[in-house]
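Participant: Requesting a structural model of the entry that follows:
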Amino acid sequence: MFHDFIHNITLWAAVAGWLAAQFIKLATYAIRERKFDYGFLFRLGGMPSSHSSSAAACAMSVGLRTGFGSPVFSVALGMLALIMIDAQSVRRAAGQQARLLNQMAEEFYRHHKFSPEKLVEFLGHTRMEVLLGALLGIAIALLMHGYFPEWAAQP
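Facilitator: Got it, this is the predicted structure:
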């Protein structure tokens, strides 16, 4: 049982998809700002979408293991679509609302003496960030299935 868990290529493809996206965010920030901020490993938003990358890696791995006509792949594909829509629309809208609320709080602060707690504004993704995250996840799943064929062959 533990052996099956450790050698679950679909699980590791999803984890690798998330990690790859987060490290890309960290690296691009470090290059752009000329400093490291390890907080990028745990932040939401940005290029590429780690949610899309992880979900796409999972869906592609499921498709490669069970067949692209299987009911399990259909479920994985449906979840991928929901995650991508959420990342691009719902969470992006929440980030825009947080930005507006922060502006309102700052304006209010100018006239009243209190220290507003800022809301997180960097939540969602653009369509391009979601698409590139999904493509990254697909590439990672294909690479993992190529490098670990014995894991992919397990039931």
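Participant: Give me the residues contacting stretch 126-133.
Facilitator: The contact list for stretch 126-133, computed with Cβ atoms under 8 Å, 6 or more residues apart in numbering, reads 21, 45-53, 56, 84, 87-88, 92, 125. Glycine gets a C-beta too; all of them are placed from N, C-alpha and C.
Participant: Now the buried members of the residues you listed.
Facilitator: Using 16 or more other Cβ atoms under 10 Å as the burial test, the contacts of stretch 126-133 include 21, 45-46, 48-53, 56, 84, 87-88, 92, 125 as buried.
Participant: Which two among those residues are spaced furthest apart?
Facilitator: Largest separation among those by Cβ to Cβ: Ala56 and Arg92, giving 18.3 Å.
Participant: quick one on the thing from earlier: tell me the one among the buried ones among the contacts of stretch 126-133 nearest to His145.
Facilitator: Distances from His145 to the buried ones among the contacts of stretch 126-133, taken as Cβ to Cβ, are shortest for Ala56 (13.6 Å).
Participant: Let me know the helix or strand that the residue nearest to the closest one when sequence neighbours are not counted is in.
Facilitator: Distance criterion Cβ to Cβ, 6 or more residues apart in numbering; nearest residue to Ala56, sequence neighbours excluded, is Gly137 at 3.1 Å. Using DSSP states H and E, Gly137 sits within helix 127-147.
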